[in-house]
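J.: Below is the sequence, then the predicted model.
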Amino acid sequence: MVLALLLWLRKCRTFHGQIILAYVLCYWVARFVVEWWRDDQHGWLWGLSVAQWISAILFPLALIFYFRLRGVGNWLSLRQAQALLNAPDASTKKGRRDRAMLAVLLGCGLRRSEVAALTLQHIQQRDNRWCIVDLIGKHGRVRTIPMPTWAKVAIDAWTSAAGLAEGFVFRPVNRGDEVSGQRMSEKVVWQFLRRYAEAAGVPGIAPHDARRTCAKLCRAAGGELEQIQLLLGHASVQTTERYLGTKQDLVHAPNDGIKLRV
């Protein structure tokens with residue numbers, strides 16, 4: 001059961017260190033239970049052994065650390081994001097594909113699973129602009145994502161070079177720079193980003209950090225919190241606030257704009 005949990009977290013993790021921390025939490029719980037049911041002599045205080053007391057003390061501390069880490073992550077500045085977007089070699093098919101993948105990560109805030117599942121049928125016009133329509137995201141939530149012009153240009157450059165008209169947008173490319181499959185895996189999305197992040201001078205960036213960068217850049221450009229929530233597909237605005245690290249601004253208070261007089 002623990003192995004199944006860790007394998008699931010490997011696909012769904014949202015911050016660095018989540019897997020090892022989850023393993024430690026499971027270990028401490030299991031150790032406490034095993035010590036309780038074994039016939040070993042227990043300590044004098046409340047019938048608990050030393051190992052159980054260590055588990056009882058460290059478990060809540062690790063739990064607090066776990067939930068605090070959920071709101072911690074990396075994000076890029078506008079300059080760093082541009083350097084990352086420029087990293088692929090756009091003279092090759094592989095480079096055009098990778099640039100298009102970076103564009104939807106940074107410009108549309110897609111999860112890596114959503115990047116792998118994106119099809120050409122998802123890309124449609126709504127209200128005279130290009131959007132990713134009816135994309136099924138986390139927990140089966142469906143959303144429509146407006147696409148920046150530069151992201152659509154990057155996708156068109158890739159699909160035109162690869163000769164794609166239907167099916168999945170992102171496909172494997174072999175060493176001969178030719179499309180060689182029908183779909184890319186989530187793992188490949190993770191690996192390709194790591195390589196370009198190092199080349200752009202921002203090592204350690206994960207796909208979810210690109211998603212967080214999208215939220216940060218949207219907010220810096222004046223985007224409303226509720227619209228960013230809809231863009232990312234968050235069920236709760238509190239999750240979006242955690243992405244943005246939103247804090248109350250007492251200097252530029254929003255109610256200062258209420259022009260009433262007494």
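T.: Alright, I've got the coordinates.

J.: Can you give me the buried ones in stretch 204-220?
T.: 205-219 (16 or more other Cβ atoms under 10 Å). Yep, even glycine has a C-beta here, placed from its N, CA and C like the rest.

J.: What of stretch 112-124?
T.: Buried residues in stretch 112-124 (16+ other Cβ under 10 Å): 112, 113, 114, 115, 116, 117, 118, 122, 123.

J.: Likewise for stretch 74-90?
T.: Buried, per 16+ other Cβ under 10 Å, within stretch 74-90: 74, 75, 76, 80, 81, 83, 84, 85, 87, 88, 90.

J.: Which elements pack onto the helix or strand harbouring residue 210?
T.: If you go by DSSP states H and E, residue 210 is part of helix 207-220. Helices and strands touching helix 207-220, by 3 or more Cβ pairs under 8 Å, 6 or more residues apart in numbering; DSSP states H and E, are helix 78-86, helix 93-108, helix 112-117, helix 186-199, helix 225-232, helix 237-244.

J.: Please list the residues outside it that contact it.
T.: 13-15, 73-76, 78, 81, 84, 102, 105-112, 115, 189-190, 193, 225, 227-228, 231-232, 240, 243-244 (Cβ atoms under 8 Å, 6 or more residues apart in numbering).

J.: thinking again about what came up before, how about the buried residues of stretch 74-90 in a markdown table, adding distance to residue 185?
T.: Below are the buried residues of stretch 74-90 laid out as a markdown table (distance: Cβ to Cβ, whole Å):
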| residue | distance to residue 185 |
| --- | --- |
| 74 | 23 |
| 75 | 25 |
| 76 | 24 |
| 80 | 26 |
| 81 | 24 |
| 83 | 26 |
| 84 | 21 |
| 85 | 22 |
| 87 | 21 |
| 88 | 19 |
| 90 | 23 |
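
J.: Report the lowest-confidence entry in the residues you listed.
T.: Minimum pLDDT for these is recorded at residue 74 (78).

J.: right, and it touches residue 193 too?
T.: No - Residue 74 is beyond contact range of residue 193, at 11.8 Å (criterion: Cβ atoms under 8 Å).

J.: what sits in contact with each of these two?
T.: With Cβ under 8 Å, 6+ apart as the test, residue 74 and residue 193 both reach 205, 206.

J.: can I see the domain layout of this protein?
T.: Following automatic domain parsing, the chain resolves into domains at 2-69, 78-244.

J.: The ones you listed: lowest mean pLDDT?
T.: Looking across these, the weakest by mean pLDDT turns out to be domain 2-69, at a mean of 59.

J.: The lengthiest strand in the chain pairs with which strands, parallel or anti?
T.: Longest strand in the chain by number of residues (criterion: DSSP state E): strand 129-136. In the sheet, strand 129-136 lines up against strand 123-126 (antiparallel), strand 142-146 (antiparallel) (DSSP bridges).

J.: What's the end-to-end length of stretch 85-100?
T.: Stretch 85-100 has its terminal residues 9 Å apart, counting by Cα to Cα, to the nearest Å.

J.: So what touches it?
T.: So stretch 85-100 is contacted by 102-103, 106, 151, 154-155, 157-159, 161-162, 169-171, 173, 177-179, 192, 196, 199-200 (Cβ under 8 Å, 6+ apart).

J.: List phi and psi for the residue lying closest to residue 196 once chain neighbours are set aside.
T.: Excluding the flanking residues, the one nearest residue 196 by Cβ to Cβ, 6 or more residues apart in numbering is residue 87, at 4.3 Å. The phi and psi values for residue 87, taken as degrees, to the nearest 10, are phi -60, psi -40.

J.: residue contacts, the nearest residue to residue 118 once chain neighbours are set aside?
T.: In space, and not counting its chain neighbours, residue 118 is closest to residue 169: 4.7 Å by Cβ to Cβ, 6+ apart. By Cβ under 8 Å, 6+ apart, the contact list for residue 169 reads 100, 118, 119, 120, 122, 123, 155, 158, 159.

J.: can we see that at 10 Å?
T.: The neighbourhood of residue 169, defined by Cβ atoms under 10 Å, 6 or more residues apart in numbering, consists of 97, 100-101, 104, 115-123, 132, 155, 158-159, 162, 183-184.
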